[in-house]
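Chemist: okay, sequence plus prediction incoming.
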Amino acid sequence: MQKLNTIELIALVLVIIGGLNWGLVGFFSFDLVATIFGATMITKVIYDLVGLSALYVAYAFFMGKE
């Protein structure tokens with residue numbers, strides 16, 4: 001397993017958080033991020049960061065990092 005740099009590690013953690021949150025929404029109709037932060041700008045920023053992280057992880061996966 002190759003060592004991840006800081007950006008890759010942050011992106012991976014955010015993608016995992018996003019995936020777990022979507023699992024909670026799908027199975028239990030419970031949005032943990034919105035529950036913790038409410039309907040605030042912070043929640044939107046977290047969703048934005050998760051989305052950008054997913055794009056980064058997908059790009060890194062399909063482009064193959066040497």
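Modeler: Right, received. Where do you want to start?

Chemist: quick one: Val57 from Glu8, how far?
Modeler: 8 Å (CB to CB, to the nearest Å). Where you see a C-beta, it was placed from the backbone N, CA and C, and this is true even at glycine.

Chemist: mind listing the shared neighbours of the two?
Modeler: Counting by CB atoms under 8 Å, 6 or more residues apart in numbering, Val57 and Glu8 have no contacts in common.

Chemist: for the nearest residue to Gly51 once chain neighbours are set aside, which residues are in contact?
Modeler: Using CB to CB, 6 or more residues apart in numbering and skipping residues adjacent in sequence, the residue nearest Gly51 is Gly18, 7.7 Å away. For Gly18, the contacting residues are 47, 50-51, 53-54, by CB under 8 Å, 6+ apart.

Chemist: secondary structure, pLDDT and neighbour count added to the residues you listed, as JSON lines?
Modeler: As requested, the contacts of Gly18 are arranged in JSON lines below (DSSP: H, G, I helix; E, B strand; the rest coil; pLDDT from 0 to 100; neighbours: other CB atoms under 10 Å):
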{"residue": "Tyr47", "secondary structure": "helix", "pLDDT": "94", "neighbour count": "15"}
{"residue": "Val50", "secondary structure": "helix", "pLDDT": "95", "neighbour count": "20"}
{"residue": "Gly51", "secondary structure": "helix", "pLDDT": "95", "neighbour count": "13"}
{"residue": "Ser53", "secondary structure": "helix", "pLDDT": "95", "neighbour count": "21"}
{"residue": "Ala54", "secondary structure": "helix", "pLDDT": "94", "neighbour count": "15"}
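
Chemist: would you turn those into a markdown table with distance to Val33?
Modeler: Formatted as a markdown table, the contacts of Gly18 follow (distance: CB to CB, whole Å):
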| residue | distance to Val33 |
| --- | --- |
| Tyr47 | 7 |
| Val50 | 8 |
| Gly51 | 12 |
| Ser53 | 14 |
| Ala54 | 14 |
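
Chemist: now what about the host helix or strand of Lys44, what contacts it?
Modeler: Using DSSP states H and E, Lys44 falls within helix 41-63. For helix 41-63, contacts defined as CB under 8 Å, 6+ apart pick out 7-8, 10-12, 14-15, 17-18, 21, 33-34, 37.
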